[in-house]
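Asker: Sequence and predicted structure are below.
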Amino acid sequence: MSEPLDPPSSGPDEALSDYAVLARRWVQQGWLMRAIALCKIILRLEPDHTPTRRLLSELDARRLDPFSIPAGPAVPMPSNLERDLPVGASERKPASASLLARLGRWEFQTMLESLELRDFQAGEILVEEGTPGDSLFAIVEGSVEVLRTLKSGRRRTVALLGEGDFFGEMSLLSHVPRVASVRAFERTAVLELKRERLERIAQRHPSVEEVLRGYQRERLLDNVLRANALFRLLSSAQLEALSHEFQLRAMPAGSVLLQQGQPVDSLYLLLQGQCQVMHQHPEHGEQVLRTLEEGDMFGEIALLLGFHATATVRANTPCMLLRLDHGVCEQHLLEQPEVRDALSRLGTERLLHTASFLWDPMSATPVRRS
């Protein structure tokens with residue numbers, strides 16, 4: 001266990017020196033995100049502070065293996081410096097360097113220069129669901145709750161994130177709206193990387209964006225594909241290969257995703273929002289066959305049978321979708337007998353439902369016109 005620091009003397013130079021010593025000790029203990037945040041504070045107070053700039057130049061996240069760092073308390077914060085930190089030093093596990101450790105040293109150093117330290121009080125919203133996303137965040141200390149809006153309008157907590165966790169990369173990289181809101185559960189400090197800064201970094205170091213996209217794919221695997229009954233039939237290696245092929249799409253309410261009678265070239269997974277499946281009956285007009293919710297798929301009938309769209313799919317609300325080209329589906333999905341059978345069952349069920357509607361069109365829901 002680290003020894004506590006003696007209270008610093010009253011001079012500003014001595015106080016900054018204590019900061020620098022503390023930051024170095026945090027690095028030694030594996031508290032990478034806290035150390036970076038503390039260095040940001042020092043350089044905000046004294047931009048040319050030599051010990052701090054030396055420490056940042058020495059940092060190499062690849063050396064920090066979070067699994068080899070023993071858990072333990074943070075270095076105690078001197079009382080007359082604690083008020084300046086974004087969050088007080090509490091006892092938590094060391095921050096994971098899993099994302100930053102994938103960067104080369106110079107890429108990592110460039111990233112450090114672009115991170116902006118921000119502080120949020122308990123209850124403050126960091127990002128709002130449905131708004132444009134132009135930055136990603138790393139939690140330095142504290143915790144946040146991830147919230148999704150239900151059909152009732154109520155918000156439900158779907159995840160808790162803590163020190164060392166990253167979020168916001170999907171919106172940043174794919175230029176789609178935020179899929180959830182993030183609210184500070186307690187006083188929380190984060191490091192933020194904005195899109196314009198990432199673009200400048202990527203011009204000098206293209207590998208940075210590649211690393212972030214790899215991280216995004218892993219999150220996609222963990223949060224979406226492994227939770228889906230169809231994709232759970234695939235092995236980890238198959239899921240990994242498939243994750244490179246998905247395209248993320250954001251569609252406004254009213255968008256037509258499939259048009260009845262038109263060719264279909266993709267399989268879709270609805271991540272967020274609600275869609276209506278409509279059928280144009282020659283005598284009774286357009287009627288609702290079913291409503292698609294988050295986690296539902298569509299496009300499987302065309303994939304399996306080569307049919308044109310048997311119905312129109314329209315976004316009832318703003319929607320976020322994963323699109324998978326049919327050629328990729330044939331390569332990664334249809335060659336797996338269990339996956340093909342599952343898709344076949346889904347397609348057959350929907351064809352029978354459509355057939356029953358054609359037999360008795362009054363069983364469907366008429367479309368209400370305003």
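Answerer: Arrived safely, thanks for sending.
Asker: Tell me the bridge partners for Phe137.
Answerer: Phe167, Glu192 (DSSP bridges).
Asker: Could I get the contacting residues of it?
Answerer: Contact partners of Phe137, counting by Cβ atoms under 8 Å, 6 or more residues apart in numbering, are Leu126, Val127, Phe166, Phe167, Gly168, Val182, Val190, Leu191, Glu192, Leu193. Using the backbone N, CA and C atoms, a C-beta is placed for each residue, glycine as well.
Asker: show me the contacts for the fourth one.
Answerer: The reference is to Phe167. Val127, Leu136, Phe137, Val144, Val146, Leu161, Val182.
Asker: The same query, at a cut-off of 10 Å, please.
Answerer: Phe167 makes contacts with 126-127, 136-139, 144, 146, 159, 161, 178, 180, 182, 190, 219, as judged by Cβ atoms under 10 Å, 6 or more residues apart in numbering.
Asker: would TSV of the contacts of Phe137 with pLDDT be doable?
Answerer: Shown next, in TSV, are these (pLDDT from 0 to 100):
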residue	pLDDT
Leu126	96
Val127	94
Phe166	88
Phe167	90
Gly168	90
Val182	96
Val190	93
Leu191	92
Glu192	94
Leu193	92
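Asker: can you list the residues you listed in a markdown table and add distance to Ile301?
Answerer: Output for the contacts of Phe137, formatted as a markdown table (distance: Cβ to Cβ, whole Å):
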| residue | distance to Ile301 |
| --- | --- |
| Leu126 | 41 |
| Val127 | 37 |
| Phe166 | 38 |
| Phe167 | 36 |
| Gly168 | 36 |
| Val182 | 37 |
| Val190 | 45 |
| Leu191 | 46 |
| Glu192 | 44 |
| Leu193 | 42 |
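Asker: Could you rank these by neighbour count and give me the top one?
Answerer: For these, the largest neighbour count, defined by other Cβ atoms under 10 Å, is 30 neighbours, found at Val190.
Asker: dump the residue contacts of Thr110.
Answerer: Thr110 touches Leu103, Gly104, Arg197, Arg200, Ile201, Ala202, Arg204, His205, Val208, counting by Cβ under 10 Å, 6+ apart.
Asker: How about Thr157?
Answerer: By Cβ under 10 Å, 6+ apart, Thr157 lies in contact with Glu145, Val146, Leu147, Arg148, Ala180, Ser181, Arg183, Phe185.
Asker: again, 7 Å this time
Answerer: Thr157 makes contact with Glu145, Val146, Leu147, according to Cβ atoms under 7 Å, 6 or more residues apart in numbering.
Asker: ok, Arg24 touching Leu55?
Answerer: Yes. Taking Cβ atoms under 7 Å as the definition, Arg24 is a contact partner of Leu55 at 5.7 Å.
Asker: Which pair in the contacts of Thr110 has the greatest spatial separation?
Answerer: Greatest spacing in the contacts of Thr110, by Cβ to Cβ: Gly104 and Arg197 (17.9 Å).
Asker: Serialize the contacts of Thr110 to JSON lines and add fields for distance to Leu16 and pLDDT.
Answerer: Compiled in JSON lines, the contacts of Thr110 are given as follows (distance: Cβ to Cβ, whole Å; pLDDT from 0 to 100):
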{"residue": "Leu103", "distance to Leu16": "28", "pLDDT": "81"}
{"residue": "Gly104", "distance to Leu16": "30", "pLDDT": "80"}
{"residue": "Arg197", "distance to Leu16": "26", "pLDDT": "92"}
{"residue": "Arg200", "distance to Leu16": "29", "pLDDT": "91"}
{"residue": "Ile201", "distance to Leu16": "28", "pLDDT": "90"}
{"residue": "Ala202", "distance to Leu16": "33", "pLDDT": "89"}
{"residue": "Arg204", "distance to Leu16": "30", "pLDDT": "88"}
{"residue": "His205", "distance to Leu16": "30", "pLDDT": "88"}
{"residue": "Val208", "distance to Leu16": "30", "pLDDT": "88"}
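Asker: Distance to Gln274 and neighbour count added to those, as TSV?
Answerer: Output for those, formatted as TSV (distance: Cβ to Cβ, whole Å; neighbours: other Cβ atoms under 10 Å):
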residue	distance to Gln274	neighbour count
Leu103	39	22
Gly104	43	15
Arg197	35	17
Arg200	38	13
Ile201	37	20
Ala202	35	16
Arg204	42	10
His205	40	19
Val208	36	22
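Asker: from these, which is closest to Leu258?
Answerer: When the contacts of Thr110 are compared for distance to Leu258 (Cβ to Cβ), Ala202 wins out at 34.6 Å.
Asker: which residue packs closest to the closest one, ignoring adjacent ones?
Answerer: Glu209 (4.4 Å; Cβ to Cβ, 6 or more residues apart in numbering).
Asker: Return the backbone torsion pair for that neighbour.
Answerer: phi -70, psi -40 (degrees, to the nearest 10).
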